[in-house]
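# Here is my input; please provide its structure:
(one chain, ligands or ions: 1)
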Amino acid sequence: MLNIVLFGPPGAGKGTQAEKLLKKYELIHLSTGDILRGEICAETPLGIEAKKSMDKGELVADEVVIAMMEAKIDANKEAKGFIFDGFPRTTAQAEALGEMLHEKGTNITCMLALFVDDDELIKRLLLRGKDSGRADDQDQSVIENRISVYNKETAPVIDFYDTQNKYISIDGVGSIDEIFARLCVAIDQLI
Ligand code: ADP
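Residues are numbered from 1 along each chain as shown. As a prediction, the model looks like this:
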């Protein structure tokens, strides 16, 4: 299986690139943000609880997100591989994902981490807030909180994969196609 962790701060372009990668490599795209927004829309108990954290730019509890992702992996037994987008976002989630995949006889192939500077991120998120209407993209202080949560809680996930020699950094500034090409070069060296 080809299992990719697509990593980067909010606004790095993970969703955009995931869409292109899943077509090229025939992978299943699992975005925790999209799945959580689906739960909010459907007004499930999980969604109602998750919304409280998401609106503040904080993370949803590890155990909630981990159980949700395990269910999605189990529901796609025939998959050739997965693109994990927005997950793992803490070291505890990375450990749980590793154990989950190990039990199923597979593992993470690599972490592709997109790098974009903070000023560019804020610009992109405010623009997305206008276009998509996403509440957490419309408020500058919520955006800044998400970037600070990323730096504190999520960035350490890089070390987790670096010590396993699975970490690859990718320049996330440029055109969508340029960045896609950089990702493909990295993947093609592994398969
Ligand atoms: P972005 O990366 O642009 O912030 P996402 O759609 O990935 O957007 O995530 C939106 C929100 O969903 C996050 O700010 C967080 O509250 C919640 N979330 C998404 N993924 C996770 C996760 N793996 N663990 C905890 N919370 C998450």
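# For the rest of this, base every contact and every neighbour count on C-alpha atoms.
Noted.
# Could you pull out the strands in this structure for me?
4-7, 28-31, 82-85, 110-115, 167-171 (DSSP state E).
# so of those, which one's packed in deepest?
strand 4-7 (a mean of 24; mean count of other C-alpha atoms under 10 Å).
# Show the contacting residues for I83.
Going by C-alpha atoms under 8 Å, 6 or more residues apart in numbering, I83 touches 3-6, 18, 22, 27-30.
# touching the ligand at all, stretch 163-175?
No. Against the ligand, stretch 163-175 shows no contacts by C-alpha under 6 Å from any ligand atom, the least distance being 13.8 Å.
# ok so, going back, so which of the strands of the chain comes closest to Q140?
With C-alpha to C-alpha, the closest approach to Q140 among these belongs to strand 110-115: 20.3 Å.
# If you count contacts, what does that closest one end up packed against?
strand 4-7, strand 167-171 (3 or more C-alpha pairs under 8 Å, 6 or more residues apart in numbering; DSSP states H and E).
# Give the pairing partners of it; include direction for each.
Its sheet considered, strand 110-115 pairs with strand 4-7 (parallel), strand 167-171 (parallel) by DSSP bridges.
# Neighbours of the closest residue to I143 other than its chain neighbours, how many?
Leaving aside its sequence neighbours, I143 sits nearest to D137 (C-alpha to C-alpha, 6 or more residues apart in numbering; 6.2 Å). D137 has 26 neighbours, counted by other C-alpha atoms under 10 Å.
# Same question for stretch 9-24: list its buried residues.
The neighbour-count check on stretch 9-24 (16 or more other C-alpha atoms under 10 Å) flags 9-15, 17-18, 21 as buried.
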